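**Student:** Next comes the sequence, and after it the predicted model I'd like to discuss.
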Amino acid sequence: MSVLLEFAMFPTDKGVSVSDYVCKIIAMIKSKNISYKLTAMGTIVETETLEEALDIVQESYTVLEPFSERVYSSINIDIRKASNGRLYKKIESIESRIGKVEK
C-alpha cells in the first residue's frame, strides 16, 4: 500500500514568516527516515499505511503546540493498494508524457 499525504501546517500567531516552525516539522519527518518532498505550499510524505500518515499529522501538531495558541493545517490523502514509490513515480510519469503532448 502507498499513502501519499500532502499537508501544510504552521502557527497562525507568529507573523508573516513561519519558516522557523516549519523547519521543526521537517526535522521530525527526516528523523523518521521516510520519503518526503518539501514544496513551496506544503510537504508530501509517502507511508505504507494510513495510520502512519495520520501519525505524521499528529506528531507535526505535537511539535508546534508548545509554540502557538493556534495552528493551521490542510491535508490531502491519496491511498493506493499494491503500490509504492509513488512520490516520484507519479511525477516521472507526467514528465515523460509532456514531450509527446507538446509535439
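**Tutor:** Thanks, I have the structure now.

**Student:** can we go C-alpha only for contacts and neighbour counts from here?
**Tutor:** Fine.

**Student:** What residues sit buried inside the longest helix along the chain?
**Tutor:** Within the chain, and with DSSP state H defining each element, the longest helix by residue count is helix 86-102. Taking 16 or more other C-alpha atoms under 10 Å as the basis for neighbour counts, the residues of helix 86-102 that come out buried are Arg86, Leu87.

**Student:** Could you list every helix and strand in contact with that helix?
**Tutor:** Under the contact criterion of 3 or more C-alpha pairs under 8 Å, 6 or more residues apart in numbering; DSSP states H and E, helix 86-102 touches strand 2-11, strand 35-39, strand 42-47.

**Student:** Of all the ones you listed, which one is nearest Ala82?
**Tutor:** Nearest to Ala82 among the helices and strands packed on helix 86-102 is strand 2-11 (7.3 Å), distances taken as C-alpha to C-alpha.

**Student:** and the helix or strand that the closest one is followed by, how far out from the chain's middle?
**Tutor:** Helices and strands here follow DSSP states H and E; after strand 2-11, the next one along the chain is helix 19-31. Here helix 19-31 shows a centroid-to-chain-centroid distance of 11 Å under the convention C-alpha atoms, centre = their mean, to the nearest Å.

**Student:** Now for the nearest residue to Ser60 once chain neighbours are set aside, how many residues are close by?
**Tutor:** Spatial nearest neighbour of Ser60, chain neighbours left out: Ile25 (5.5 Å); criterion: C-alpha to C-alpha, 6 or more residues apart in numbering. Using other C-alpha atoms under 10 Å, Ile25 has 23 neighbouring residues.
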